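>>> predicted model, plus sequence, below.
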Amino acid sequence: MRRFLLIRHAKSSWKNPGLADIDRPLNNRGKRDAPRMAAYLNQLEIRPDYLASSPANRAFSTATVFYNEFKDIIINFEKFQDLYFGSEDDVMYIINNLEESISLPAIFFHNPTINYMSNMFSNYPIDNIPTCGVVHLESEAENWSDVHFSNTIILNTYFPKLI
């Protein structure tokens, strides 16, 4: 059985309209929500040991907050260009190619992909994964290479406004 987390980046700033999309930082709400969500997962004993992030500043900054919360158990922390507005298949490719020693990866990326992907695992539609929202999934697969939409379910969702 394999468990993993899909995490949407925390709220980003639109304060500087001339800034390239990839460079947008977290706003004050994002800087508040990211540590709250990381601490909440830690409290629930949901502790990722591997982080994969979009290279976008807002996603990587969110992942860095989680890294700081779980740094004692993190095996690796990587950026993947395909997590910056890649497809659901791109995200699944990253999951399917994880090292077998990883027990709970967290993947940090963006809407609309996180929303589309989450709905591919669900029997009920999720209208919107909010910023810094976490989707906790479990697959029947024994190996990462066998994780698929058809053998994985959503265990729970955790959203900042609901904690």
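Received it, and whenever you're ready, just let me know what you need.
>>> what residues of the helix or strand where M92 lies count as buried?
Following DSSP states H and E, one finds M92 within helix 88-96. Buried residues in helix 88-96, counted by 16 or more other CB atoms under 10 Å: 88, 90-92, 94-95. (Each C-beta comes from the backbone N, C-alpha and C, glycine too.)
>>> again with stretch 38-46
Going by 16+ other CB under 10 Å, stretch 38-46 has these buried residues: 38, 40-41, 46.
>>> for this structure, which segments count as helices?
With DSSP state H, the ranges of helices along the chain come out as 28-43, 57-70, 88-96, 113-120.
>>> mean confidence score for the second one?
It stands for helix 57-70. Across helix 57-70, the average pLDDT comes to 98.
>>> tell me where the model's unsure across this protein.
Scanning the chain for pLDDT under 70 picks out nothing.
>>> can you get me a residue count around the residue lying closest to G30 once chain neighbours are set aside?
Nearest residue to G30, sequence neighbours excluded (CB to CB, 6 or more residues apart in numbering): A10, at 3.4 Å. Residues within reach of A10, counting by other CB atoms under 10 Å, total 28.
>>> and A10, what does it touch?
By CB atoms under 8 Å, 6 or more residues apart in numbering, the contact list for A10 reads 26, 29-31, 33-34, 37, 58, 61-62, 65, 131-132.
>>> now, the most widely separated pair of those residues?
M37 and R58 (14.1 Å; CB to CB).
>>> for the residue nearest to L5 when sequence neighbours are not counted, give its distance to F77.
Excluding its sequence neighbours, the residue lying closest to L5 (CB to CB, 6+ apart) is A106, at 4.1 Å. According to CB to CB, to the nearest Å, A106 stands 10 Å off from F77.
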